[in-house]
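J.: Generate coordinates for the sequence data below:
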Amino acid sequence: MTSTVSTSFTLIPNQKYRRSSRRSKPFCNIVDTDSESLSTLGNFKALPLEIFQMVLKYLSVKDISMLSMVSKAISNRLINYISTSSGNRRLLLQDFHNFEISGKREGSCVLEHYRSLGLLLKRCTLLLPTKDRLKYIHKILSEVSCFKLSGCPSPLHCLGLQCYGVFLQTLTAGWDELECHRVFNFLCELSNLPRKVQTVVSSKPGSARKLELRIRLFCRSVLLNHWIHRSDSAFWLTRILKPWPMVNQARLLYIIFGPVSSLNGHVVWQKMVEGPTDETSLKGLADAIKLLYDTEAKEWTADDVISLVDELSVVPREWLMENNARLLILSGNNICFTFMASKAVNGRAVELARLVVFLALVCEKDLYCMDWAVKMMQKVCKVFSTPGERNNFLQSVENAFAHMIMDMLQSVMSGDRDEEDSSFLNLFHLVNAQANFHKEILYLTMRSTST
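T.: The predicted structure follows:
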């Protein structure tokens, strides 16, 4: 009896243990899988997909983007929601017009909406390769006609491209240069930008006005305007310009940043040729030149930028020297000096002397300090290798003043006056410029002798 009890006592638990261990493994796996799914979806697992999507309607786009970071399962559900027709209607606002009537507040709200949407899609597609992210995002946005280069019938009165630019800036912020190269190539392929640029830079200026306008708006609103850091703006401007020869770079730079008509937004090609222009017409070009000259624009040397400025000054024909001088002043001291030093080194002293006179004239007209022009000339004088070259240059400056005054005086005496009497006014400014220029030279000389 003792042995029987002992045997039964030892065998039965062993058999139960073996059976329980053999059958418990698959059961444990199922429980683990369900618990993992439950942990990633949270309480949303209890909701049908339709109810989940109804809940999303009560969340802002910014809140939905925060929700996408909870788990991969939640992110996948949100991706499915964005792809649905209801998600498209909710997220892809397409009322990009009539904001001039309703006011700026509504326009800024739409821009903020697309900034949040860019953050949402950035987070939802975080684990995808760049190529797949771009394909998915294009699939979502492809129905928005105002996001296309030639999609909107009224591009001047449309916020579509600006919204697209804000969206892309948010989406690609923090991406490395290789990924951004892929983004640019992807956009070029979608918009056919290179072929359209080829059309305008190889045609007569102004012969394709509408296409020039669309390229200008697309480049500025989508690729350039929304970056916070100058290095990012320089990167995208470089992507636009670098594929082209220097002469085409200058044409394209003028199309994107040159003066436009206040009536129809078309590029005004003759603005720099027909008469003196103001700072407003040149500020965009000057800012772009400074951006490329910046040390953060790695792919541009100083010689590249100076050559571009030189090429720009003959687009579409040779500019008035006064407009050249005003552009150099707006571009900053470093670019102005490098440009002038280049002429000195290349033996173009007479042309450089005329430029000095026009720098003085612009300082007089635009109320800049005249001592700046004198100090710039003094700095350029040090570039000449011999005293004879320096003296010839200074003599050329005096000759340029004299010839310009005589030419303007002759124009005034001949009676060729317009309604604004601009010829007499120009003579007045030039005489004052010469007097103030020489006054600053005398001050500089007296200071140097007294010390």
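J.: Put the alpha carbons of the helix or strand hosting residue 328 into CSV.
T.: According to DSSP states H and E, residue 328 maps onto helix 321-331. What follows is helix 321-331, C-alpha atoms only, in CSV (Å, rounded to 0.1, in the frame of the first residue of the first chain):
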residue,chain,number,x,y,z
MET,A,321,25.8,102.4,-64.2
GLU,A,322,23.8,104.0,-61.4
ASN,A,323,21.7,100.8,-61.0
ASN,A,324,24.9,98.8,-60.9
ALA,A,325,26.3,101.0,-58.2
ARG,A,326,23.0,100.8,-56.2
LEU,A,327,23.0,97.0,-56.4
LEU,A,328,26.6,96.8,-55.1
ILE,A,329,25.8,99.1,-52.2
LEU,A,330,22.8,97.0,-51.2
SER,A,331,24.9,93.8,-51.6
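J.: oh, and call the first residue 18 from now on, that's how I've got it
T.: Let's use 18 as the start, then, which means that last one is helix 338-348.
J.: neighbouring contacts of it?
T.: 289, 293-294, 296, 299-300, 302-303, 306-307, 310, 326, 329-330, 352-353, 356-357, 371-372, 375-376, 378-380, 383, 385 (Cβ atoms under 8 Å, 6 or more residues apart in numbering). (Each C-beta comes from the backbone N, C-alpha and C, glycine too.)
J.: those helices in the stretch 68-217 of the chain, which residues are they?
T.: For the stretch 68-217 of the chain, the helices defined by DSSP state H, counting those that start in this stretch cover 78-84, 89-100, 102-108, 116-119, 121-141, 147-158, 177-189, 194-208, 210-219.
J.: mind checking which of those helices is nearest residue 70?
T.: helix 89-100 (5.3 Å; Cβ to Cβ).
J.: Report the angle between that closest one and helix 121-141.
T.: For helix 89-100 against helix 121-141, the angle by axes from the mean of the first three to the mean of the last three Cα atoms, to 10 degrees is 130 degrees.
J.: where are the low-confidence patches of the protein?
T.: 18-62, 116-123, 433-437, 468 (pLDDT under 70).
J.: Just want the most central residue of it.
T.: residue 241 (1.6 Å; Cα atoms, centre = their mean).
J.: for it, what are its contacts?
T.: 250, 253, 254, 257, 273.
J.: please redo it, this time with the cut-off set to 6 Å
T.: 250, 253 (Cβ atoms under 6 Å, 6 or more residues apart in numbering).
J.: deepest of the helices of the stretch 68-217 of the chain, which one?
T.: Each of the helices of the stretch 68-217 of the chain was scored by mean neighbour count; the highest is helix 177-189, a mean of 23, by mean count of other Cβ atoms under 10 Å.
J.: So which elements touch that helix?
T.: With contacts taken as 3 or more Cβ pairs under 6 Å, 6 or more residues apart in numbering; DSSP states H and E, helix 177-189 sits against helix 121-141.
J.: separation between the residue nearest to residue 138 when sequence neighbours are not counted and residue 93?
T.: Take residue 138 and drop its neighbours on the chain: the residue closest to it by Cβ to Cβ, 6 or more residues apart in numbering is residue 154, 5.7 Å away. To residue 93, residue 154 is 16 Å away according to Cβ to Cβ, to the nearest Å.
J.: From the rest of the structure, what touches stretch 311-328?
T.: 248, 251, 255, 263, 264, 266, 267, 309, 310, 355, 356, 359.
J.: Greatest separation within the residues you listed: which pair is it?
T.: Spatial extent of the contacts of stretch 311-328 (Cβ to Cβ) is set by the pair 248 and 264 at 26.8 Å.
J.: before we move on, back to that, and the next element down the chain from the helix holding residue 345?
T.: Using DSSP H and E, the helix or strand that follows helix 338-348 in sequence is helix 350-362.
J.: Could you list every helix and strand in contact with that next one?
T.: helix 319-329, helix 366-382.
J.: Same list (those helices) but as JSON lines, adding distance to residue 150.
T.: Formatted as JSON lines, the helices and strands packed on helix 350-362 follow (distance: least, Cβ to Cβ, whole Å):
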{"stretch": "helix 319-329", "distance to residue 150": "33"}
{"stretch": "helix 366-382", "distance to residue 150": "49"}
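J.: which one of the ones you listed lies closest to residue 203?
T.: Nearest of these (Cβ to Cβ): helix 319-329, 26.6 Å.
J.: Only alpha carbons, please: show that closest one as CSV.
T.: Extracted in CSV, the C-alpha atoms of helix 319-329 (Å, rounded to 0.1, in the frame of the first residue of the first chain):
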residue,chain,number,x,y,z
ALA,A,319,33.8,84.5,-54.4
ASP,A,320,34.8,84.4,-58.1
ASP,A,321,31.5,82.6,-58.9
VAL,A,322,29.4,85.2,-57.2
ILE,A,323,31.3,88.1,-58.8
SER,A,324,31.0,86.6,-62.3
LEU,A,325,27.3,86.2,-61.6
VAL,A,326,26.9,89.9,-60.6
ASP,A,327,28.9,90.8,-63.8
GLU,A,328,26.6,88.7,-65.9
LEU,A,329,23.5,90.0,-64.2
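J.: Let me know the secondary structure of residue 364.
T.: coil (DSSP: H, G, I helix; E, B strand; the rest coil).
J.: Could you identify which of the helices and strands packed on helix 350-362 is most buried?
T.: helix 366-382 (a mean of 22).
J.: tell me the angle of that one relative to helix 350-362?
T.: 150 degrees.
J.: contacts for helix 366-382?
T.: Against helix 366-382 from outside (Cβ under 6 Å, 6+ apart): 338-339, 342-343, 346, 360-361, 387, 390, 394, 410, 413-414, 417-418, 446-447, 449-450, 454.
J.: tell me what the helix or strand hosting residue 67 is packed against?
T.: According to DSSP H and E, residue 67 maps onto helix 66-73. In terms of contacts (3+ Cβ pairs under 6 Å, 6+ apart), helix 66-73 is packed against no helix or strand at all.
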